[in-house]
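Participant: I'll drop the sequence and a predicted model, then ask my questions.
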There are 2 protein chains.
Amino acid sequence: MTTLSQVGEFGLIDQIKKGVSSSRSIVCGVGDDTAVVKSPSGLQLLTTDMLVEDVHFTCKMSPLAIGHKALACSISDVAAMGGQPQYALISLGAPANFSKQFILTMYRGLQRTAKKFGVHVVGGDTVKSNKLTINVALTGEVASKNLVTRKGARPGDQIFVTGPLGKSFTSGWHLKFIPRVKEAHYLVKYFKPTAMMDISDGLAADLGHVLKASGVGAVIEEEKVPRRQKATLQQALHDGEDFELLFTLSSQQAQKLTKQKLPFKFFFIGGIVKEPGLLHVINKKGKARNISPKGFEHFKP
Amino acid sequence: MTTLSQVGEFGLIDQIKKGVSSSRSIVCGVGDDTAVVKSPSGLQLLTTDMLVEDVHFTCKMSPLAIGHKALACSISDVAAMGGQPQYALISLGAPANFSKQFILTMYRGLQRTAKKFGVHVVGGDTVKSNKLTINVALTGEVASKNLVTRKGARPGDQIFVTGPLGKSFTSGWHLKFIPRVKEAHYLVKYFKPTAMMDISDGLAADLGHVLKASGVGAVIEEEKVPRRQKATLQQALHDGEDFELLFTLSSQQAQKLTKQKLPFKFFFIGGIVKEPGLLHVINKKGKARNISPKGFEHFKP
């Protein structure tokens, strides 16, 4: 028997993808931050995230924060496509002997974040399970001209992130991060990111996804990678759940970005090169080394 | 500490509902088979269902059938609103040592059902969990004139179901049921159901939901309730997961229905009365007794 741990999360997704149908109404299926389907008014975004107790959070954490995180993960996905989140469906699995107050406080945290980002919670499901499990399904919308996927990075493009990386778990950032919706809207309005995604599995892993989707490589400048307080370079490269945006701009747009006074912080971290799959980090002496696009992967030991 | 088992699934939902936002774009929020939101082309339906190992299925059951059930539950919800299912997002939680083959076969079952009902699986999430957990989020569409909710049942209406009830679990029906999409489309096209929902918690419980939403009561004719082979009246009234449609028609439309040669079977089971919340069963001697709108409820012992 082959187990999920042998094939890994992304191995499993690759095999699942094979059975997925295509249709002219589907602009983007499995394999981006959200699915993208045609709607009469533009494009609809669809995304879902499952959070499981003792994997994504523990019940010793604040229920308000857990509720926030459950929704904010999906909002971050919609932001990464350049979109505006709209409607959410919340499925809750919980043990029968679980505290009602904990659940209601968690929903309050979720609703507070919903309100902040213009999301309406319109439905859900509640079932019995042995571990607290929250699934959020979220819709969003984006004008066709504003859609950004993982596919458009081109050699010569510059790579940016929206904030410091690493130590998201130990610092508590993973429970209180702010989905970068405003930053995404600013970017698609005033610049034209060629590719964008949110960093949930770690910078190296997620940049790896952009490189694979775009058929290009990247060189990261080690000392340019913004790190959260006390985070090492390793942690900034490989820790998960930063929920910052990773995006690429043509050198022309990048020049415009670096010259302007901006309402947000954007950190240049490196450039796109033509060699497919190449992922190098160079230190300040200019010495390059290969890094693996490894990050957090479910099922892997 | 108040536990979920003390408040019950519906007690919890009632409390969650209080925090839910409203908006002119939301036609139906929490409290029907699906949410209904306005879209430029009519109405969009949004629903989500979480299935948990050892609650909704066991891993001794056929993975093909589990995959079918996971999607078919949500398709049934869309049918109950008179709608056409469109896009699905699948979240999967599974232990790391779980069989890859089981998961892939389950997806095959799900994809087969998707194809049969014109559903496109466009995305999902895969995470580690200690019990197999599948969440399906499904979108659908319906023309405004075809939307049927739980709210419209009126005194004098007649009550129908689309098939035999009871013993869904022991007969294996819960794994192979056919969502009544065709029946629903036929009904909204040629008749005007005043209310409709699918029977997932049991006839009495779900009829109770229609009565509450419509502010009316009902009298069921005991011997008219169609039962699955070997099912008792009790089982037909209170077992869950039949996934047949329950609908009401004005007496005029009901007359039209009973006079016509129909492509589907519809079973008359009783009538709507004006007393709010009244739920009576009468036997063939005409003797009435109260029944409780109790059915399957998560968290309850």
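Facilitator: Received it, and whenever you're ready, just let me know what you need. Small disclaimer: the values here were computed from a predicted structure and weren't measured.
Participant: dump the residue contacts of the residue nearest to residue A:105 when sequence neighbours are not counted.
Facilitator: What sits nearest to residue A:105 in space, not counting adjacent residues and going by Cβ to Cβ, 6 or more residues apart in numbering or on different chains, is residue A:63, at 4.1 Å. For the C-beta atoms, the positions are set from N, CA and C on the backbone; glycine is no exception. Residues in contact with residue A:63 (Cβ atoms under 8 Å, 6 or more residues apart in numbering or on different chains) are A:102-103, A:105-106, A:109.
Participant: what is the nearest of those residues to residue B:159?
Facilitator: Among the contacts of residue A:63, residue A:103 lies closest to residue B:159 (Cβ to Cβ), at 34.4 Å.
Participant: tell me where the stretch 1-150 of chain A has strands.
Facilitator: With DSSP state E, counting those that start in this stretch, the ranges of strands along the stretch 1-150 of chain A come out as A:26-28, A:35-39, A:42-52, A:84-94, A:120-128, A:133-142.
Participant: stretch A:86-103 close to chain B?
Facilitator: Yes. Using Cβ under 8 Å from any Cβ of the partner chain, stretch A:86-103 reaches chain B at A:86-87, A:89-101, A:103.
Participant: which among the residues you listed gets closest to residue B:289?
Facilitator: residue A:96 (30.5 Å).
Participant: how many other residues sit next to the closest one?
Facilitator: Residue A:96 has 17 neighbours, counted by other Cβ atoms under 10 Å in any protein chain shown.
Participant: quick one: the helices in chain A?
Facilitator: Using DSSP state H, the helices of chain A run over residues A:4-17, A:63-80, A:100-116, A:168-171, A:173-176, A:181-190, A:203-214, A:233-238, A:251-259.
Participant: wait, which of those is closest to residue B:186?
Facilitator: Evaluated with Cβ to Cβ, the helices of chain A place helix A:4-17 nearest to residue B:186, the distance being 34.2 Å.
Participant: which residues sit in contact with the residue of chain A most remote from its centre?
Facilitator: Residue farthest from the centre of chain A, counting by Cα atoms, centre = their mean, is residue A:97 at 33.4 Å. Residue A:97 makes contact with B:3-5 under the criterion Cβ under 8 Å, 6+ apart.
Participant: of the residues you listed, closest to chain A?
Facilitator: The closest of these to chain A turns out to be residue B:5 (Cβ to the nearest Cβ; 4.0 Å).
Participant: surely that closest one meets residue A:96?
Facilitator: Yes. Contact criterion Cβ atoms under 8 Å: residue B:5 and residue A:96 qualify, at 4.0 Å.
Participant: what pLDDT does residue A:301 get?
Facilitator: On pLDDT, residue A:301 comes in at 68.
Participant: ok, stretch A:25-32 near chain B or not?
Facilitator: Yes. Residues of stretch A:25-32 contacting chain B under Cβ under 8 Å from any Cβ: A:25-26, A:29-30.
Participant: are any of the residues you listed buried, and which?
Facilitator: Neighbour-count burial (16 or more other Cβ atoms under 10 Å in any protein chain shown) applied to these gives A:26, A:29-30.
Participant: okay if I get these as TSV plus distance to residue B:217?
Facilitator: Output for those, formatted as TSV (distance: Cβ to Cβ, whole Å):
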residue	distance to residue B:217
A:26	46
A:29	47
A:30	48
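Participant: and of the residues you listed, the nearest to residue A:243?
Facilitator: Among those, residue A:30 lies closest to residue A:243 (Cβ to Cβ), at 20.8 Å.
Participant: which residues does that closest one contact?
Facilitator: Per Cβ under 8 Å, 6+ apart, neighbours of residue A:30: A:13, A:16-17, A:20, B:121-124.
Participant: what's the answer for residue A:294, then?
Facilitator: A:202, A:204-205, A:238.
Participant: residue A:42 too?
Facilitator: Contacts of residue A:42 (Cβ under 8 Å, 6+ apart): A:141-144.
Participant: same check on residue A:28?
Facilitator: Shown in contact with residue A:28 (Cβ under 8 Å, 6+ apart): A:34-36, A:149.
Participant: of those residues, which ones also sit close to chain B?
Facilitator: Among the contacts of residue A:28, proximity to chain B is found for A:34-35 (Cβ under 8 Å from any Cβ).
Participant: select from the contacts of residue A:28 the one having the most neighbours.
Facilitator: Highest neighbour count within these: residue A:34, with 28 neighbours (other Cβ under 10 Å).
Participant: that one reaches residue A:76, doesn't it?
Facilitator: No. Assessed by Cβ under 8 Å, residue A:34 is found out of contact with residue A:76, at 10.2 Å.
Participant: for residue A:192, which non-adjacent residue is closest in space?
Facilitator: Here the residue nearest residue A:192, using Cβ to Cβ, 6+ apart, is residue A:253, at 5.8 Å.
Participant: neighbours of the one you found, just the number please.
Facilitator: Neighbours around residue A:253, by other Cβ under 10 Å: 18.
Participant: any idea how far it is from residue A:224?
Facilitator: 18 Å (Cβ to Cβ, to the nearest Å).
Participant: residue A:152 too?
Facilitator: 22 Å.
Participant: repeat that for residue A:165.
Facilitator: For residue A:165 relative to residue A:224 (Cβ to Cβ), the value is 11 Å.
Participant: number of nearby residues for residue A:90?
Facilitator: Quick note: residue A:90 (other Cβ under 10 Å) scores 28 neighbours.
Participant: so what sits opposite it in the bridge?
Facilitator: Bridge pairing for residue A:90 (DSSP bridges) gives the partners residue A:124, residue A:136.
Participant: rewinding a little: show the buried residues in the residues of stretch A:86-103 next to chain B.
Facilitator: Here, 16+ other Cβ under 10 Å leaves A:86-87, A:89-96, A:98-100, A:103 buried among these.
Participant: burial count for residue A:214?
Facilitator: Neighbours of residue A:214 using other Cβ under 10 Å come to 22.
Participant: spit out the contact partners of it.
Facilitator: A:150-154, A:195, A:272.
Participant: what parts of the stretch 151-300 of chain A come near chain B?
Facilitator: Checking the stretch 151-300 of chain A against chain B by Cβ under 8 Å from any Cβ, the hits are A:298-300.
Participant: what do you get if the cut-off is 6 Å, keeping everything else the same?
Facilitator: For the stretch 151-300 of chain A, the residues in contact with chain B (Cβ under 6 Å from any Cβ of the partner chain) are A:298-299.
Participant: tell me where the stretch 151-300 of chain A has strands.
Facilitator: Secondary structure of the stretch 151-300 of chain A (DSSP E, counting those that start in this stretch): strands located at A:158-161, A:195-198, A:217-221, A:245-249, A:267-273, A:279-282, A:288-290.
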